[in-house]
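In: Coordinates for the following, if possible.
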Amino acid sequence: QKEVHISLWDKDGLADRDDPLGEASVRLTECALKLGGEEVERTVPLSTQGNICVALQLLSNSQANKESDAPDPEQRVGLRLTLRSAHGLLAADSNGLSDPYAKLDLGGKQRKRSRVIKGSLAPEWGERFEWEGKCGELLQKEVHISLWDKDGLADRDDPLGEASVRLTECALKLGGEEVERTVPLSTQGNICVALQLLSNSQANKESDAPDPEQRVGLRLTLRSAHGLLAADSNGLSDPYAKLDLGGKQRKRSRVIKGSLAPEWGERFEWEGKCGELLQKEVHIS
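Out: Presented below is the predicted three-dimensional model:
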């Protein structure tokens with residue numbers, strides 16, 4: 001089993017050999033990492049004394065090695081819309097109520113339709129709808145929603161109003177949290193929706209687990225360490241870290257002079273197939 005190996009060392013002069021300061025391990029399978037999700041922080045004890053704090057994040061391949069949340073405009077992504085509810089609708093039936101349902105489209109195409117909610121002016125759907133496309137093109141479009149009152153077979157359904165949501169105004173981030181919008185209808189009342197931008201492998205899935213074959217990025221932020229060994233005669237150390245993934249792709253942090261509680265705040269990234277990456281172990285030494 002491969003692992004991310006991080007070794008902590010005290011930096012000595014040119015003529016001296018650097019001194020080891022300890023090691024620790026973090027299993028990725030225990031971190032509940034979600035593609036594009038928030039950082040997961042872990043503070044683990046070192047094998048000698050003290051501890052080290054790291055944060056881990058699983059990124060889509062287009063986000064790896066980028067500082068912004070904006071995905072590649074050419075990347076294929078999924079737009080998930082949750083039709084939550086509407087309030088204050090027109091009463092289209094003689095009983096003072098309506099039997100509302102929604103028609104939705106993205107940029108005038110890929111039309112979808114919700115179920116009918118019987119006898120309500122404040123329906124709650126909780127239904128999800130998804131579209132896919134190139135990120136740059138998708139985010140320039142509008143979601144158009146029209147509400148209708150369902151009548152019998154012989155009658156024509158009555159319009160209850162319509163609304164549009166401009167995706168450019170929603171600040172959507174790939175794999176980020178849902179963005180909720182409540183917008184007024186053209187007649188009366190309003191409608192509430194939530195939007196989310198997903199990697200293509202997550203679209204049309206109910207779980208947060210990406211495709212095991214998808215190439216993703218693992219980002220490790222080396223935050224800090226505390227209570228380190230004092231390796232120098234002045235009662236301090238000059239700590240730095242060495243990192244590698246499965247014995248390869250070696251990386252190294254900067255040296256923090258004269259500290260037993262260094263703070264790095266440095267990021268390190270590796271790429272690979274998601275299923276293989278998540279079986280690896282972060283080893284800190």
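In: if I pick residue 166, what's in contact with it?
Out: residue 142 (CB atoms under 8 Å, 6 or more residues apart in numbering). Glycine gets a C-beta too; all of them are placed from N, C-alpha and C.
In: Break down the stretch 101-250 of the chain into its helices, ranges please.
Out: Assigned by DSSP state H, counting those that start in this stretch, the helices in the stretch 101-250 of the chain fall at 135-138.
In: residues of stretch 169-184 that come out buried?
Out: Using 16 or more other CB atoms under 10 Å as the test for burial, stretch 169-184 gives 170, 172, 173, 174, 175, 179, 181.
In: how about these in a markdown table, adding pLDDT and distance to residue 244?
Out: Output for these, formatted as a markdown table (pLDDT from 0 to 100; distance: CB to CB, whole Å):
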| residue | pLDDT | distance to residue 244 |
| --- | --- | --- |
| 170 | 91 | 40 |
| 172 | 89 | 35 |
| 173 | 85 | 30 |
| 174 | 80 | 28 |
| 175 | 75 | 27 |
| 179 | 93 | 38 |
| 181 | 95 | 45 |
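In: Return the subset of these lying in strands.
Out: If you go by DSSP state E, the buried residues of stretch 169-184 have 179, 181 in strands.
In: mind listing what's buried in stretch 255-267?
Out: Residues of stretch 255-267 classed as buried: 255, 256, 259, 260, 262, 264 (neighbour count, 16+ other CB under 10 Å).
In: Need the residues you listed in JSON lines (columns: pLDDT).
Out: Below are those laid out as JSON lines (pLDDT from 0 to 100):
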{"residue": "255", "pLDDT": "96"}
{"residue": "256", "pLDDT": "96"}
{"residue": "259", "pLDDT": "96"}
{"residue": "260", "pLDDT": "96"}
{"residue": "262", "pLDDT": "96"}
{"residue": "264", "pLDDT": "96"}
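In: Tell me where the model's unsure across the protein.
Out: 1-3, 61-71, 154, 200-211, 246, 282-285 (pLDDT under 70).
In: still on that earlier bit, nearest to residue 274 among the buried residues of stretch 169-184?
Out: When those are compared for distance to residue 274 (CB to CB), residue 175 wins out at 12.7 Å.
In: So which other helices or strands are in contact with the helix or strand hosting residue 275?
Out: If you go by DSSP states H and E, residue 275 is part of helix 274-277. Under the contact criterion of 3 or more CB pairs under 8 Å, 6 or more residues apart in numbering; DSSP states H and E, helix 274-277 touches strand 215-226.
In: Compute the number of surrounding residues for residue 275.
Out: 14 (other CB atoms under 10 Å).
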